[in-house]
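A.B. asks: Provided below for reference: sequence and predicted model.
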Amino acid sequence: MRPIVITVVCFGLATTAAHAEERRQQDAHEHGHASMQVVLEGDELGINIEAPGMDIVGFERAPNGDAEKGRIQQAVNQLENVKAMFALPEMAMCSVTEAHAEHASLEVDKDDDHSDHKDEHKHSDHKDDHKDEASNHSAFDAHYAWRCEKPEALEYIDVRYFEAFPATAEIEALIVGPNGQSAQELTAESARIKF
């Protein structure tokens with residue numbers, strides 16, 4: 001039975017995520033808006049966030065110089081600080097199993113090590129390709145996971161994201177939990193996800 005439930009949940013999320021991605025593409029330059037997917041299945045809780053670079057570091061292009069790269073790295077570190085991003089009811093006894101954030105420009109820097117490949121194109125051409133990648137993918141992505149000993153006590157999640165990134169006006173949250181699928185629009189004044 002569990003594989004069927006997981007398949008149905010994944011299908012529902014894929015459909016919902018496809019609609020969210022379509023909307024995100026349409027609203028790609030709408031600053032102040034982030035998207036979030038929340039799944040609570042059994043004792044496992046997962047959250048994904050995608051937010052535009054403008055709302056987090058103040059620009060949506062490839063970073064210019066070390067200072068801007070530093071701002072991106074600092075934002076990634078802040079996103080990975082789970083306690084700064086979320087508060088869960090203590091009674092649910094949830095333990096973090098994953099907290100990972102990324103930005104395309106940091107991935108490009110990791111991939112830009114030329115010692116392990118011998119290609120015939122100029123380094124400057126290769127570097128320009130990476131710059132285009134980073135400028136076209138300027139969103140931050142964050143992934144979180146918890147295992148909860150008492151998931152029935154997980155009635156809500158307080159989202160502290162707005163405290164860390166006040167340029168975000170709202171988060172469109174898609175939620176799959178014990179009561180089915182729902183959507184919530186979160187703001188700094190109303191930042192509680194309810195299951």
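C.D. replies: The structure has been received and is ready for your questions.
A.B. asks: now I157, nearest residue through space, not along the chain?
C.D. replies: Nearest residue to I157, sequence neighbours excluded (C-beta to C-beta, 6 or more residues apart in numbering): I193, at 4.4 Å. For the C-beta atoms, the positions are set from N, CA and C on the backbone; glycine is no exception.
A.B. asks: all helices for the chain, in order.
C.D. replies: Secondary structure of the chain (DSSP state H): helices at 2-26, 53-57, 65-79, 82-85, 104-111, 123-136, 161-164.
A.B. asks: quick one on the thing from earlier: so what's the residue nearest to I157 up against?
C.D. replies: I193 makes contact with V38, Y156, I157, D158, V159, A173, I175, Q184, L186 under the criterion C-beta atoms under 8 Å, 6 or more residues apart in numbering.
A.B. asks: okay, these in JSON lines with neighbour count next?
C.D. replies: Shown next, in JSON lines, are the contacts of I193 (neighbours: other C-beta atoms under 10 Å):
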{"residue": "V38", "neighbour count": "22"}
{"residue": "Y156", "neighbour count": "13"}
{"residue": "I157", "neighbour count": "27"}
{"residue": "D158", "neighbour count": "13"}
{"residue": "V159", "neighbour count": "24"}
{"residue": "A173", "neighbour count": "22"}
{"residue": "I175", "neighbour count": "21"}
{"residue": "Q184", "neighbour count": "17"}
{"residue": "L186", "neighbour count": "20"}
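A.B. asks: widest-spaced pair of those residues?
C.D. replies: D158 and I175 (14.2 Å; C-beta to C-beta).
A.B. asks: on that earlier part again, which one of the contacts of I193 is nearest to Q74?
C.D. replies: V159 (20.2 Å).
A.B. asks: wait, doesn't that closest one sit right on E189?
C.D. replies: No - applying C-beta atoms under 8 Å as the test, V159 and E189 come out as separate, 11.7 Å apart.
A.B. asks: contacting residues for H143?
C.D. replies: The contact partners of H143, by C-beta under 8 Å, 6+ apart, come to G46, I47, N48, E98, A99, H100, A101.
A.B. asks: who wins for most neighbours among the residues you listed?
C.D. replies: I47 (24 neighbours; other C-beta atoms under 10 Å).
A.B. asks: surely that one touches F86?
C.D. replies: Yes - assessed by C-beta under 8 Å, I47 is found in contact with F86 at 7.3 Å.
A.B. asks: which neighbours do those two have in common?
C.D. replies: Jointly contacting I47 and F86 under the rule C-beta under 8 Å, 6+ apart are Y144, I157.
A.B. asks: could I get the pLDDT score of the closest residue to A34 other than its chain neighbours?
C.D. replies: Spatially, and ignoring its direct neighbours in sequence, A34 is nearest to A51 (3.8 Å; C-beta to C-beta, 6+ apart). You'll see A51 listed with a pLDDT of 96.
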